[in-house]
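>>> Predicted model and sequence below, questions to follow.
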Protein chains: 2
Amino acid sequence: MNIRFFNARILTMVDGEDIFEGELWVKGNKIAYIGEAKETKESWDKEIDCQKNLLMPGFKNVHTHSGMTAFRSLADDLNLQDWLNNMIFPREAVMTGEDVYWLTKLAILEYLTTGVTLIADMYLTPETILEACDEMGMRCEMVSGLNKFGPTVEVMEHRYNDLNGKSPLVGFKMGVHAEYTCDKSLLKEVSELIHHYKAPLYVHMSETKTEVDECRIRYSMSPVAFFDSLGLWDFGGCIYHGVWCDDHDMEILKKRGVSVVSNPGSNTKLASGIAPISKYLEKGILVSLGTDGPSSNNCLDMFREMFLVTGLAKLKEMDPKAVAADEVLKMACVNGALSLDHKDCSDLSVGKFADIIMIDLKQPNMQPILNIPKNIVYSGSKSNIKMTMIDGKILYMNGQFLEADADIIYEKCAEITERLKDI
Amino acid sequence: MNIRFFNARILTMVDGEDIFEGELWVKGNKIAYIGEAKETKESWDKEIDCQKNLLMPGFKNVHTHSGMTAFRSLADDLNLQDWLNNMIFPREAVMTGEDVYWLTKLAILEYLTTGVTLIADMYLTPETILEACDEMGMRCEMVSGLNKFGPTVEVMEHRYNDLNGKSPLVGFKMGVHAEYTCDKSLLKEVSELIHHYKAPLYVHMSETKTEVDECRIRYSMSPVAFFDSLGLWDFGGCIYHGVWCDDHDMEILKKRGVSVVSNPGSNTKLASGIAPISKYLEKGILVSLGTDGPSSNNCLDMFREMFLVTGLAKLKEMDPKAVAADEVLKMACVNGALSLDHKDCSDLSVGKFADIIMIDLKQPNMQPILNIPKNIVYSGSKSNIKMTMIDGKILYMNGQFLEADADIIYEKCAEITERLKDI
C-alpha cells in the first residue's frame, strides 16, 4: 500500500529537528518522503488528511510479558513471593502454547491502543508468540527467559537460529531470566554461546534490593558485576528494571554498552523502588521504557510509563527539573529501538520502516498547544492515539482495530482465564 | 428526561454491595430505580443498552484550579519559586474573568472525558467559574482562595451568601489559599466568619516540607496545629495535599473531622513528596482525590490519580499491599463527595442525583474481567469512559461532547494563551 499523510504536524525525533507542518509518504513498508507539502502525480492507495494532528515514531515497549494478561487483576496487593509462588507459577505450569498465543493477542490489542509499534517480549512459548505477532502485524523481538528450570541452552541456541529470520517482523534475542534463577554453571554455558554468536544479552537485573543483597552474599558481587565477571556483557545487552544499581554497576554498564530498560509502573505497583534515572542519563547510559507484564503493572500503557519515569525521578531527587520531557520522549521512541539494535524504526526518516503513530491534538488534554512534547509526556493519554501503523500497515485507527477481531480475542481469553482462575 | 439503562453491570459503591447485573432508571435529575431487570410500562425518553458495561458513580475531583489550563506545558521542569514568580503570577495578574470562563470550560471538557461529575475549584473569579460550570452542566463547589493579596473577608462573605443557591449545580465554600499567604490577623477574621456561619474551612496545607518548616519557625507549630489554635477547624473542613503531616497533625485532623484531599499527580510532578495515605486510613481520616491544576499535574485525569495514590503508597512503604484498590475507588467516588458535604451524589442510590459514568469493559485494558474494581484502578484509563452523566444529563458519550462545542472552546483558549504566552 502507498499512503500519503498530508496536513500533518510532524515530529521526526531525528536529533535536533523541531516539529514542522508538512506531509509524509509511505510506500510499502517504508517511509518514502517527509517534508513540506509537495505536488505529486503519484497514485495513492490512501490519502489521509491529518487535520494538523501529529505524526511521530511509534513507542517501543522493550520489556513485557504479554501472555500474562491471563493474570491481570487476579493477584494484586500481594507480596512478591506470595504472588509468584501461589498465584503465578502454578497457573503458568498448565498454560499451553495456544493459551499464550491468544493471551499475547490480547496484549497486542492493548499495545496498539497506546501507540506501541515494537515490543520485546519474554514469555513461555516463543513459537506461539511469534505466530501471534506475525498474524497481528506487531513488530517484536522475543527474548529468551532461560533459567535453571528450563529450557536448555541448546533450545535457546536452536531458537536463535530458527526464529531469527523466520518472519520479517519478529526476531529472537539471547537472554536469561535473572541471576537468582540461574546457577553459575548455566551462566557459563550462556557466556560461551553469546561469545560464539557475538550476541548481546538481555536479563532482569537489580529489580529489588533483596535480589542484589542475596547476589552479594552468594558471589560477593552485585548482579551486574557478577555477570561482567563471566563475560556476559562482552557484546552489550540490556538489563530490565535496574532499580538498585550503584555507581560501580553504572561504570560497568557504560563500559560494556549495556542499556537499561526502566519499568516504573511495575516497580511502583510491586513496591520495588525508584530507579536512578538521572544518574544513568548523566553517565551516558541508554535508558528506554517497558511496561513489564500485565500482571505486575497492570496496564500496558506507554503514557503511564512516560509520566512515571520522569515523575518518580523528580520525587526521588526532590527536584522538579529532573528528567525533562524531551528526554522521556526519546526513551519511549528512539532508545527502545536502539536497545534492540533496531535503528531501522527508531525515528521518522526516509528509508526507515513506517512504524508511525498519529496523536490526536483535538482532545482537551492536548489543549492549548503550547508545547507538544510536554503535552504528550505530562498530560497525554492513550486516548490521544488516533492511529497506529506498523510496517506500513494501519492496524488501529479512531478506536477501531482494522486487522483484528477483538471480540473473538476477548472471548478466547475469557475461556482461558476461567480455566486458570481456580487452579 | 427519563432514561432507562438496561443490560448493565452496576457498581453502586454503597458499602458492602457487590457488582450485579441489572438496570438503572433516571427520572429528571435523580436515580429512580436500581436493581434487577424489571418489566415496566413507563415511557422513556431514552433506553440505553449498556451491553454489560459498568455503571458506577462518577469520580469526584475535589481539588483543582481549572482556569490554569492556560499554563499547561508552559512552565514545566522548573523550581516551584521560578514557576510561580516568573511564569504564573505575572500572567494571572492580567487574566480577565472572561479568560477564566473559557479556560474553565476547557478543563470541564477534560473532566467529562475522565468521568468526573463533581469538582471543587479554587481560582480567580468564582462568578465566571460558576457561569462556565452552570452552562456546561458540571457540578462544582467553588472554594475561596482568600489570601493577604486579595480578596477581602467581606468579599468572601458576600460570595458565600450570594453564590450559594444561585445555581442548583454550583455552591461556594469558605477557604483560604494557605497559611504562608495569610497573616495571622487575616486568619483570625476568617475564624470569626466561619464561627458565625458554622462553616467548614478548605485550604492548601502541608504540601511541601519548606512550607511546614517555615510555619514552625513563624509560630512554633505545624500549619495544622496553628490553624487549630485559631479555631479554624471548629466546623471541620479539608486540607489539600497533606503530604507532610505528622502524627500530631493527624490527631487534630481526626478530632476535628478534617479530611485530606490527596493530589499525587501534582505532588509527583512538582517533587513535593509522597503523602502518608496508609497512616491517614489507619487513623480513620477521610481521604479523597484531586488532580490539582493543569499547570502542575498537568492532566486532569482521575485514572492517573487513582493509580498514583496507591502506587506511591506502595513505594513509600515498600509494601505492595499498601492501599488496596477498593479503598482507592472509595476515595475517588464516595469520599470526595463526603468531603464537600455532598451525600446527595456520593453513590448510586435511589433518590440521589444521577451523577453516573459508564465504563467500557470491551477494551483490551479491561480484559479479562476477573476483578472490575482492580481493572479500573490498576489498568483503567480515561479511554474507558464511555459516558458521563451529571444531574441526569448525558454530557459525554462515545468520545463526543453532547452539550458543548469543543472546537469553539479550543479556539477561544488558544487566543487567550497566545496573548498570555509572551508576558
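Good, I have the coordinates.
>>> quick one: contacts for A:Ile10?
Neighbour list for A:Ile10: A:Ile19, A:Phe20, A:Glu21, A:Gly22, A:Leu24, A:Ile34, A:Leu54, A:Leu55, A:Met56, A:Leu348 [criterion: CB atoms under 8 Å, 6 or more residues apart in numbering or on different chains]. For glycine as for every other residue, the C-beta is placed from the backbone atoms N, C-alpha and C.
>>> Pairing partners for the closest residue to it other than its chain neighbours in the sheet, please.
Spatial nearest neighbour of A:Ile10, excluding adjacent residues (CB to CB, 6 or more residues apart in numbering or on different chains): A:Leu55 at 5.0 Å. According to DSSP bridges, the residues that bridge with A:Leu55 are A:Ile10, A:Met358.
>>> if I read this right, A:Leu55 contacts A:Asp360, doesn't it?
No: between A:Leu55 and A:Asp360 there is no contact, the gap being 11.6 Å when judged by CB atoms under 8 Å.
>>> more neighbours, those two?
Taking A:Leu55 and A:Asp360 together and counting by other CB atoms under 10 Å in any protein chain shown, A:Leu55 has the greater number of neighbours (25 against 19).
>>> How about the residues of the stretch 151-300 of chain A by chain B?
Taking CB under 8 Å from any CB of the partner chain as the criterion, the neighbours of chain B within the stretch 151-300 of chain A are A:265, A:267-271, A:273-274, A:294, A:297-300.
>>> go again using 6 Å as the cut-off
Counting by CB under 6 Å from any CB of the partner chain, the positions of the stretch 151-300 of chain A adjacent to chain B are A:Thr268, A:Lys269, A:Leu270, A:Ala271, A:Asn298, A:Cys299.
>>> can you pull the pLDDT of the fifth one?
By that I understand A:Asn298. The model reports A:Asn298 with a pLDDT of 91.
>>> would you say it is within a strand?
No: residue assignment for A:Asn298, taken from DSSP: H, G, I helix; E, B strand; the rest coil, gives coil, which places it outside any strand.
>>> ok, it touching B:Val377?
No: contact criterion CB atoms under 6 Å: A:Asn298 and B:Val377 do not qualify, at 9.0 Å.
>>> now the residues of the stretch 151-300 of chain A next to chain B as JSON lines including neighbour count?
Shown next, in JSON lines, are these (neighbours: other CB atoms under 10 Å in any protein chain shown):
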{"residue": "A:Thr268", "neighbour count": "26"}
{"residue": "A:Lys269", "neighbour count": "24"}
{"residue": "A:Leu270", "neighbour count": "24"}
{"residue": "A:Ala271", "neighbour count": "20"}
{"residue": "A:Asn298", "neighbour count": "29"}
{"residue": "A:Cys299", "neighbour count": "26"}
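>>> from these, which is closest to A:Glu154?
A:Leu270 (32.8 Å; CB to CB).
>>> Please list all residues in contact with the closest one.
With contacts defined as CB atoms under 6 Å, 6 or more residues apart in numbering or on different chains, the neighbours of A:Leu270 are A:Ser296, B:Pro320.
>>> gap between it and B:Ser191?
Taking CB to CB, to the nearest Å as the measure, A:Leu270 and B:Ser191 are separated by 46 Å.
>>> Assign A:Ser43 to helix, strand or coil.
At A:Ser43 the chain is in coil, as set by three-state DSSP.
>>> How about the one 4 residues further on?
State at A:Glu47, reduced to three classes by three-state DSSP: strand.
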